[in-house]
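Student: Provided below are the primary sequence and the corresponding predicted coordinates.
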Amino acid sequence: MFADDQSAFRPASSGGIILMRIVDLQRPAHAKGGLGYGVTVEYAQRRYSLVTDDSPAPHPKPSDAIDTTVPHSARIWNYWLGGKDNYAVDRAAGDKYRQAFPGVDEIARASRHFLTRTIRYLAGEVGIRQFLDIGTGLPTVDNTHEIAQRLAPESRIVYVDNDPLVLVHARALLDSTPEGASDYIHADLREPDEILDAAAKTLDFSLPTALILSGILGHVHDTDEARSIVKRLLRALPSGGYLSINDGTSVIGGEVYEQAQQGYNKSGAVPYNLRTPEEIASFFEGLELVEPGVVSCPLWRPDRQSSDDPPAAVDAFGGVGRKL
């Protein structure tokens with residue numbers, strides 16, 4: 001039984017990022033509404049004084065755990081996608097970025113649509129039934145478990161994020177089918193061993209599993225460190241597992257986009273580093289890339305178009321690779 005004790009949350013520093021790590025708790029069976037490690041949605045609501053995704057509000061109530069004076073990447077992304085789970089400081093930062101580079105909304109949408117198509121491919125064409133989605137962000141339309149379980153109700157999904165606001169909204173990520181499972185881990189990308197240990201309570205890593213890293217690796221400044229994290233996570237996957245990545249580049253927007261990103265990185269939000277398509281492709285080293293390889297997100301297995309013209313490329317590149 002979980003004790004309502006704030007000492008269960010203790011600050012931990014990882015790679016310069018402060019997070020609240022959920023520790024030393026007994027995790028119940030996969031009960032709907034649980035957050036893993038015995039932390040319930042109701043506790044998170046009390047702890048952070050926010051509403052859940054079941055009752056969206058244009059102006060979420062601030063709390064001591066959520067810094068509303070500094071813009072946050074997940075909330076800015078939510079704003080660009082037309083969501084309501086953001087604050088004035090996030091909207092101001094998002095608008096400033098948009099003024100410097102008007103195409104940023106299109107990049108956000110392209111990244112989200114890429115995720116949708118990759119999950120459809122993995123669950124529908126390849127037959128993957130387990131997903132580890134790290135860097136989940138705030139719930140929106142067509143979350144990973146919703147797409148996968150529409151195609152295969154028995155699919156099992158584990159979400160990972162270190163944002164307290166995502167934790168509070170996790171109810172929307174836990175609405176699993178009875179045949180499948182959906183769980184949430186409050187943890188940092190830079191702690192892959194902790195993530196894998198916790199995810200193993202829901203996922204069977206002896207079975208093919210898809211690792212989803214959507215727009216998250218740019219928050220790791222050093223490319224070698226990012227590669228090391230990806231390799232550690234992939235070691236847990238058996239042959240037949242898959243890796244899906246998409247991240248930002250500047251090969252299309254050029255200097256204008258780079259300057260907009262530099263301005264964002266100085267805003268107080270966690271910096272995001274644009275990489276070349278070649279650097280993004282390097283994360284798939286040792287894997288068999290699914291056609292068409294690492295390309296601009298709208299060009300990766302696009303849905304049928306109303307015209308014969310291919311979709312326009314944007315500065316979000318991604319791909320899917322299979323572990324041999």
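Tutor: That came in fine, so what should we check first?
Student: list the buried residues in the longest helix anywhere in the chain.
Tutor: Looking across the chain with DSSP state H, the single longest helix is helix 104-120. Residues of helix 104-120 classed as buried by neighbour count (16 or more other CB atoms under 10 Å): 104-105, 107-120. Where you see a C-beta, it was placed from the backbone N, CA and C, and this is true even at glycine.
Student: what of stretch 284-297?
Tutor: Neighbour count says stretch 284-297 has 284, 287, 290, 294, 295, 296, 297 buried, by 16+ other CB under 10 Å.
Student: swap in stretch 138-154?
Tutor: So stretch 138-154, judged by 16+ other CB under 10 Å, has buried residues 138, 139, 143, 144, 145, 146, 147, 148, 149, 151, 152.
Student: can you find the helix or strand of this structure with the lowest average pLDDT?
Tutor: None of the helices or strands of the chain scores lower by mean pLDDT, DSSP states H and E than strand 17-22, at a mean of 27.
Student: and residue 321, what element?
Tutor: Per DSSP states H and E, residue 321 falls inside strand 316-323.
Student: could you list every helix and strand that that strand packs against?
Tutor: Strand 316-323 is packed against helix 104-120, strand 242-248, helix 277-282, strand 287-289, strand 295-296, with contacts defined by 3 or more CB pairs under 8 Å, 6 or more residues apart in numbering; DSSP states H and E.
Student: now for these, which one comes closest to residue 222?
Tutor: Among the helices and strands packed on strand 316-323, the nearest to residue 222 by CB to CB is helix 277-282 (11.4 Å).
Student: what sits against residue 221?
Tutor: 271, 273 (CB atoms under 8 Å, 6 or more residues apart in numbering).
Student: that one belongs to a strand?
Tutor: No. Counting by DSSP: H, G, I helix; E, B strand; the rest coil, residue 221 is located in no strand; its state is coil.
Student: how close does it get to residue 320?
Tutor: Separation of residue 221 from residue 320 (CB to CB, to the nearest Å) stands at 25 Å.
Student: look up phi and psi at residue 187.
Tutor: phi -160, psi 170 (degrees, to the nearest 10).
Student: isn't it up against residue 196?
Tutor: No. With contacts defined as CB atoms under 8 Å, residue 187 does not count as touching residue 196, sitting 10.0 Å away.
Student: so which pair among the buried residues of stretch 284-297 is furthest apart in space?
Tutor: Taking every pair in these and measuring CB to CB, the maximum separation is 19.6 Å, between 287 and 296.
Student: coming back round to it: how about the helices and strands packed on strand 316-323 in a markdown table, adding distance to residue 209 and mean pLDDT?
Tutor: Listed next are the helices and strands packed on strand 316-323 as a markdown table, based on distance: least, CB to CB, whole Å; pLDDT from 0 to 100:
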| stretch | distance to residue 209 | mean pLDDT |
| --- | --- | --- |
| helix 104-120 | 13 | 94 |
| strand 242-248 | 8 | 97 |
| helix 277-282 | 21 | 98 |
| strand 287-289 | 14 | 98 |
| strand 295-296 | 24 | 98 |
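Student: rebuild the ones you listed as JSON lines, extending it with distance to residue 304.
Tutor: Below are those laid out as JSON lines (distance: least, CB to CB, whole Å):
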{"stretch": "helix 104-120", "distance to residue 304": "12"}
{"stretch": "strand 242-248", "distance to residue 304": "21"}
{"stretch": "helix 277-282", "distance to residue 304": "25"}
{"stretch": "strand 287-289", "distance to residue 304": "23"}
{"stretch": "strand 295-296", "distance to residue 304": "18"}
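Student: residue 130 is nearest to which of the ones you listed?
Tutor: strand 242-248 (10.1 Å).
Student: show me what the closest one is packed up against.
Tutor: helix 104-120, strand 210-214, helix 223-235, helix 277-282, strand 316-323.
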